[in-house]
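Peer 1: Sequence and predicted structure, then a few things I'm wondering about:
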Amino acid sequence: MRTLLKIIKQHIIWRHQLLKLARADIIKTYSGSALGWAWALIKPAVTIAVYWFAFDVGLRLGDNMDNGFPFILWFMAGMMPWFFMEEMFTQGANSLRQYNYLVTKMRFPIATIPTFVSLSKILVHLFLMGLTVVFFLCYGHPPDRYLLQLPIYMFLMLLFFIAWAQFASMLTCISKDFFNLIGAAVQALFWLSAIIYDVKTMNIPEVLRTFLLFNPITFIASGYRNIFIYKVWIWEEPRVLVYFLIMLLIMSSLALWAYRKLYREIPDVL
């Protein structure tokens, strides 16, 4: 509890700097290239187009959609949060190494660095979600009252990945092998999550379904589809929400443990 209060206090004291650094991180990410900010849209657009062609046009899986939405919209709703999560798995874990000068030269609070990196990614995600709403509108599906819960899912996603970045960035500083392991595991996490299928309707053993539902990525991807496709409120699936909150508590505990054990060593390691 003392460690948590310390981290919260640091965030309150440095709150103005966090917003400025989040903005600077966005500029740094997309500067230096001819297309600049357009890359925030190009990468998601190309990825979604490739998967859409493979599954809908090639494998004809989209023919089985029976909820009134074309496959491209169903897939986009679950895929959009993945772009944020994918970046946080790698860049969040590498945030302390990326901004090592803030630790070694300026003595910036270590716990706040993963936070402003997470904030920069969520701002880009917010921009992409605005484009998603426009895309749905073009297909004749305007936003409705279920869109009101989008900030809830975004906030829960942000909380989880701030905790993840706090935990993983500490271990990455100690061992580069841990960062390499993350890079190797990202694709496995993608295929084990409900991004290209619906866990709740799959014909699988209940034990396996429960295992897949414990995956936080599954909760977020399914939640976004509940907003745009299935029209389900977050409290209407309490079992899935409880699973996510358990994982959030575990990840937060790991983040606090890593900070308490390693924060004194990080400046020397970097």
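Peer 2: Perfect, I can see it now. Numbering: from 1, shown residues only.
Peer 1: Go ahead and flag the most central residue of the chain.
Peer 2: M85 (2.6 Å; C-alpha atoms, centre = their mean).
Peer 1: where in the stretch 51-200 of the chain is pLDDT low?
Peer 2: 55-67 (pLDDT under 70).
Peer 1: Provide a complete list of residue ranges assigned to helices in it.
Peer 2: For the stretch 51-200 of the chain, the helices defined by DSSP state H, counting those that start in this stretch cover 71-87, 95-98, 100-104, 113-138, 150-174, 176-191.
Peer 1: Give me the distance between the residue nearest to the centre of the chain and I174.
Peer 2: 23 Å (C-beta to C-beta, to the nearest Å). In short, each C-beta sits where N, CA and C put it, glycine included.
Peer 1: hang on, the earlier thing: just so I know, which of the helices of the stretch 51-200 of the chain lies nearest V242?
Peer 2: For the helices of the stretch 51-200 of the chain, distance to V242 was read as C-beta to C-beta. The smallest value, 12.6 Å, belongs to helix 150-174.
Peer 1: tell me the angle of that closest one relative to helix 176-191?
Peer 2: Angle of helix 150-174 versus helix 176-191, following axes from the mean of the first three to the mean of the last three C-alpha atoms, to 10 degrees, is 150 degrees.
Peer 1: could you say what helices and strands helix 150-174 packs with?
Peer 2: helix 71-87, helix 95-98, helix 113-138, helix 176-191, helix 216-225, helix 238-262, helix 266-269 (3 or more C-beta pairs under 8 Å, 6 or more residues apart in numbering; DSSP states H and E).
Peer 1: which of those helices is buried the deepest?
Peer 2: Of all those, helix 216-225 has the most neighbours on average by mean count of other C-beta atoms under 10 Å, namely a mean of 26.
Peer 1: Output the contacting helices and strands for that helix.
Peer 2: Checked by 3+ C-beta pairs under 8 Å, 6+ apart, helix 216-225 has helix 71-87, helix 150-174, helix 238-262 packed alongside it.
Peer 1: angle of that helix against helix 150-174?
Peer 2: Using the same axes, to 10 degrees: helix 216-225 against helix 150-174 is 160 degrees.
Peer 1: got a list of contacts for helix 216-225?
Peer 2: 74, 77-82, 85, 149-150, 153, 156-157, 160, 189-190, 193-195, 198-200, 212-213, 234, 240-241, 243-244, 247-248, 251 (C-beta atoms under 8 Å, 6 or more residues apart in numbering).
Peer 1: How many residues are close by A49?
Peer 2: Here the count is done by other C-beta atoms under 10 Å, and A49 has 11 residues near it.
Peer 1: so it is in which element?
Peer 2: Using DSSP states H and E, A49 sits in helix 39-52.
Peer 1: What residues sit buried inside that helix?
Peer 2: Within helix 39-52, the residues scored as buried using 16 or more other C-beta atoms under 10 Å are 40, 44, 48, 51-52.
Peer 1: Please compute how far it lies from its chain's middle.
Peer 2: 17 Å (C-alpha atoms, centre = their mean, to the nearest Å).
Peer 1: okay, the angle between it and helix 113-138?
Peer 2: Using the same axes, to 10 degrees, helix 39-52 lies at 60 degrees relative to helix 113-138.
Peer 1: what helices or strands is helix 39-52 leaning on?
Peer 2: helix 71-87, helix 113-138.
Peer 1: Quick one: those helices as CSV, columns for distance to Y263 too.
Peer 2: Below are the helices and strands packed on helix 39-52 laid out as CSV (distance: least, C-beta to C-beta, whole Å):
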stretch, distance to Y263
helix 71-87, 24
helix 113-138, 11
